[in-house]
Structure formats: structure tokens, C-alpha cells
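Chemist: structure for this input, please:
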Amino acid sequence: MITLIVLRAGVVAELFYRGYAIERLQALGLNRYWAAAILLIIFAVGHWTGGAANVVIAVALGGILAGFYLWRRDLIANMIGHFAVDFVANVLPKLFSWPLGI
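Modeler: Purely as a prediction, here's the structure:
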């Protein structure tokens, strides 16, 4: 179940935060860097329920993903990267915990 959740998070977050929202804010006249910065703040605040450390991680990784999107416009790579980060942080520790998977 957690694997499906992190898959959904990677796909949906990148589709809406990077793929749609950055492009939409640019269409409304914002510079692409301002558009990415505004959405990065919103993305980070959306992670506040995980605590301050989660917000800091969201800013760092969200900034990397936003920068990569602005550079390459490769939404699929962003989705894979977002999923991979969430998978490593949320699924792998549970897979290798003792007793296994519980």
C-alpha cells in the first residue's frame, strides 16, 4: 500500500506542481524562476505535517526537481525521481525491518 501511495505522490505532485502549475504561472506572466519559487514554497508547506525536517527535505528535493524541470522539461524523469526518493525513504526501511515487512 505504501508503494502505491509513493507512486501516486510522485506522479501527481510532479504533474500538478511542475507540469501544470509552473507552466500556468508562466502563462499568466510570471518569470519561470518566480513561478518555480512560489510553487516550491507551497510544496514545502504541504509537507509540514511531517515536521520541520520534512519541510527542509521538501525544499531541498523540491528545488532540485523544479530546477531539473526548468532545465529539461522532462516530467517523466521528475516523476521517477520523486517516486524513487519517496520509495527509498518510506518503503525500503519497512522491507528490511525485523520482523520482515511488519
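Chemist: mind listing what V91 touches?
Modeler: Contact partners of V91, counting by C-beta atoms under 8 Å, 6 or more residues apart in numbering, are I2, T3, V6. Every residue, glycine included, has its C-beta placed from N, CA and C.
Chemist: nope, G67 is what I meant
Modeler: A36.
Chemist: about what we covered before: filter the contacts of V91 to the buried ones?
Modeler: V6 (16 or more other C-beta atoms under 10 Å).
Chemist: going along the chain, name the strands of the protein.
Modeler: Counting by DSSP state E, the chain has no strands to list.
Chemist: remind me, longest helix of the protein?
Modeler: When the chain is parsed with DSSP state H, its longest helix is helix 52-72.
Chemist: run through who's touching stretch 26-45.
Modeler: 13, 17-18, 21-22, 25, 55, 58-59, 62-63, 66-67, 69-70.
Chemist: quick one: it to chain centroid distance?
Modeler: 14 Å (C-alpha atoms, centre = their mean, to the nearest Å).
Chemist: buried residues in it, which are they?
Modeler: Within stretch 26-45, the residues scored as buried using 16+ other C-beta under 10 Å are A35, A36, L39, L40, F43, A44.
Chemist: just the CA trace of the least confident helix or strand in the chain by mean pLDDT, in PDB.
Modeler: Lowest by mean pLDDT, DSSP states H and E among the helices and strands of the chain is helix 92-95, with a mean of 92. Extracted in PDB, the C-alpha atoms of helix 92-95 (Å, rounded to 0.1, in the frame of the first residue of the first chain):
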ATOM      1  CA  LEU A  92      12.800   0.300   1.800                       C
ATOM      2  CA  PRO A  93      13.100   0.700   5.600                       C
ATOM      3  CA  LYS A  94       9.900  -1.300   6.100                       C
ATOM      4  CA  LEU A  95      11.100  -4.000   3.700                       C
END
